[in-house]
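[1] Predicted model follows, preceded by the sequence.
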Amino acid sequence: MKKLVLRPIQAPAATAQYKIDYAGELNAAQYEAVMHREGAALIIAGAGTGKTRALIYRVARLVEDGINPMSILLLTFTRKSSAEMIRRASILLDGRCQDVSGGTFHSFAHQSLRRYARLIGFDQNFSVIDQSDAEDVVNLLRGGLISTTTAKRFPRKQTLSSIYSAAVNRVLPIETIVSDEYPQYENDTEDIIKIYHAYEQYKRRHNLMDYDDLLLHFLTVCRDSAEVRKHFQAMYRHVLVDEYQDTNLLQHEIVRHMAGPQENIVAVGDDAQSIYSFRGANFQNIMNFPASFRQCTIIKLEENYRSTQPILNLTNELIRRAAFGYDKELYTHKTGGDAPAIICADSEQMQSKFIVQQVLELREQGIPLAEISVLFRSGFHSFDLEIELNRANVPYQKFGGFKFVETAHIKDIIAHLRVLLNPKDAVSWNRILLLIDGVGPRTAAAVIDGIVEGRISLSRTNDIAVAGQKGENILMLFDVLRRVLPEHVAVDEKVAQIVEYYRPLMRRKYDDYTKRAKDVDVFVDIAERYRALNALLADMALESPVESVTDIAKADKEEEFLTLSTIHSAKGLEWNSVFVIWALDGRFPPVRAFDTIDTLEEERRLMYVACTRAREHLFITYPMNIYDRETGMVLGKPSRFIEGLPEGLAEHFMLVDE
């Protein structure tokens, strides 16, 4: 008689029962990620290694294994990305994948709170207010609680909202946010907190939630109610989270509470691309993910489908030097490719001219402008380059920050310069008069009328019939303009005196004065190259005039554009050829990043993200002997991230005039 034994039923293996040939269509690491069975898993997906493909195939595999699509939850950072993944999974398999639950953390929290809002003191028909509405509520409360008659400067509504949002998303006290990021308001911390408490009470009284409340309140419900927690754990048997390196502490805690007894949580991300701490993202989330669950499998995707091996060799070395992170080594089966080039220029202008020259050469080699990108750490780093591109008639689009003359503070300075050349420029007069404390539209209009009619001029101000302090402030403006009006005053001196006058106005007008001050320094540096004011202002007019709507339509169809972008705005994108500019210690990384190991390491990851955008050509450039007005230092060392690279990883060049 045969002996019967009990044997546990194994999860289905990858066999021919699947409609999709997973083993044939995925590399070994992707296949492991897709076929992972029970328990938590962290998929460390290096740049260009096909992490989206792995997620899509995993969704399809779960559905093929008979998992109810509605019990699969896919959390992403944009609705578009989750919808696109579900759509591609449906094409890959069948219509069942359309029933997978997908969305952002915020949309999922919003939908869930509609059912459980009463548990935290809200009605189910609560309203969600957007950022603009939230700022208006804060402003209403600010006006009621803070005296507007005091001469003391107090944060504007946008600044207050930013402080409150940072405190919620980073789970930090308001005092810490103010001290670290808005030290000019430390003496106002008590009032800032008072407004915050009033804001919270206002929202509860009026049954309102803002964008940040959605995460905070959903986490509160999950944490405080075992019944709610079990409901979600039973509803969603498999949870997939994309871009885990970009999660904040609230999102990480939500994920932990969503894990049921089986802990079927699969997170995909790349610690080396965690660059959004300023939005509340916490690098430690992806590092602590394995320890957050009983057992976690770590799978690394290291085969790169984007870049040539010489580029990967450089980026591997960049991230290998990181103080902490997961070890990984990107490789590719693509052959050939030039070593990345590291180029030292004597000046910023020489750097800009080289980039323009090289862009045009690449285009002659058959690489379209649309396949070329110039990346930079901060928006003001491209200002000089924009001038050179305009001179060479190279069309470009800029992402992440404003074009040079679109920044409000640069437009303010330019307006002061324009009235020197054209005293009847009413638009510029209006702009600079409204900057003056106490001057409103009516007073500005009266002064402008006097200028246009010839009763008021820079040489004759007696007819400015404005009494009191604002009259004195207007006369002060005229005095500054009169001093720099003569032709014998050099352009850089004109700009320097106007900037000296403008800085206190800028400090009063903008809460982020210190950031804008760097842009003004750049403008002063640029002005030093000009001998004629009209030449400077002409170069500031970067946009060529368009004759007609037909010309616009024609340009849209036929013209291609070079991409200028901050690195933060370039994440997730790629180009054939990439220039990373201003790789100068003190600019990239900036001086303020030297304070802590965490801020410095995020800058390293930012450099890594920039370099991994390139498919075939990578150029890293930096100018030498740059005077930094903020620190009073002369910056002359290449970025510490590219200094001392092993022999052969990059070719080094020094730019010289022919």
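    Sure thing, it's come through.
[2] In the stretch 151-300 of the chain, where is pLDDT below threshold?
    151-152 (pLDDT under 70).
[3] redo that, cut-off 50
    Within the stretch 151-300 of the chain, the segments meeting pLDDT under 50 span 151.
[4] show me where it has strands.
    If DSSP state E, counting those that start in this stretch is used as the criterion, the strands of the stretch 151-300 of the chain fall at 208-210, 238-241, 265-269, 296-301.
[5] could you dump those to a markdown table with mean neighbour count and distance to L113?
    Just so you know, the C-beta spots here come from the backbone N, C-alpha and C atoms, and that holds for glycine as well. Output for those, formatted as a markdown table (neighbours: other CB atoms under 10 Å; distance: least, CB to CB, whole Å):
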| stretch | mean neighbour count | distance to L113 |
| --- | --- | --- |
| strand 208-210 | 21 | 8 |
| strand 238-241 | 24 | 18 |
| strand 265-269 | 25 | 21 |
| strand 296-301 | 18 | 29 |
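[6] Of the ones you listed, give the one that comes closest to G440.
    Taking CB to CB, strand 208-210 is the member of those nearest to G440, at 32.1 Å.
[7] quick one: strands adjacent to the closest one?
    Paired neighbours of strand 208-210 in the sheet (DSSP bridges): strand 127-129 (parallel).
[8] Distance from the chain centre to the partner strand, please.
    Once both centres are worked out by CA atoms, centre = their mean, to the nearest Å, strand 127-129 turns out to sit 25 Å from its chain's centre.
[9] cool, stretch 414-432 as well?
    A distance of 33 Å separates the centroid of the chain from that of stretch 414-432, by CA atoms, centre = their mean.
[10] what sits up against that stretch?
    If you take CB atoms under 8 Å, 6 or more residues apart in numbering as the criterion, stretch 414-432 is touched by 405, 411-412, 444-445, 447-448, 451-452, 457-458, 477, 481, 484-485, 494-495, 498, 501-502, 533-534, 536-537, 540.
[11] Buried subset of those residues as a ChimeraX selection?
    What follows is the ChimeraX syntax selecting those of these that are buried according to 16 or more other CB atoms under 10 Å:
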select :405,411,412,444,447,448,451,458,477,481,484,494,495,498,501,502,533,536,537,540
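[12] where along the stretch 51-200 of the chain do the helices fall?
    Applying DSSP state H, counting those that start in this stretch to the stretch 51-200 of the chain gives helices spanning 51-64, 79-92, 105-116, 131-145, 157-170, 174-181, 189-205.
[13] right, so of the strands of the stretch 151-300 of the chain, which gets closest to I86?
    Nearest of those to I86, taken as CB to CB: strand 238-241 at 11.0 Å.
[14] Any idea how many residues pack against the closest residue to T52 other than its chain neighbours?
    Nearest in space to T52, with sequence neighbours left out and distances taken as CB to CB, 6 or more residues apart in numbering, is M85 at 6.7 Å. M85: 23 surrounding residues under other CB atoms under 10 Å.
[15] Thought L74 was touching M85, still the case?
    Yes - at 6.4 Å, M85 counts as touching L74 under the criterion of CB atoms under 8 Å.
[16] Enumerate every residue touching V356.
    Neighbours of V356 in contact, by CB under 8 Å, 6+ apart: 385, 388-389, 391-392, 394.
[17] can I get these in a markdown table with pLDDT?
    As requested, the contacts of V356 are exported to a markdown table (pLDDT from 0 to 100):
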| residue | pLDDT |
| --- | --- |
| L385 | 93 |
| E388 | 91 |
| L389 | 93 |
| R391 | 89 |
| A392 | 91 |
| V394 | 93 |
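[18] Mind giving me the ChimeraX command for buried ones among these?
    Here is the ChimeraX selection string for the buried members of the contacts of V356, based on 16+ other CB under 10 Å:
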select :385,388,389,394
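[19] TSV for the contacts of V356, including secondary structure and distance to G121?
    Formatted as TSV, these follow (DSSP: H, G, I helix; E, B strand; the rest coil; distance: CB to CB, whole Å):
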residue	secondary structure	distance to G121
L385	helix	53
E388	helix	59
L389	helix	56
R391	helix	61
A392	coil	62
V394	coil	58
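[20] V656: which of the contacts of V356 is nearest?
    Nearest to V656 among these is E388, at 17.8 Å by CB to CB.
[21] which residues does that closest one contact?
    Per CB under 8 Å, 6+ apart, neighbours of E388: 349, 352-353, 355-356.
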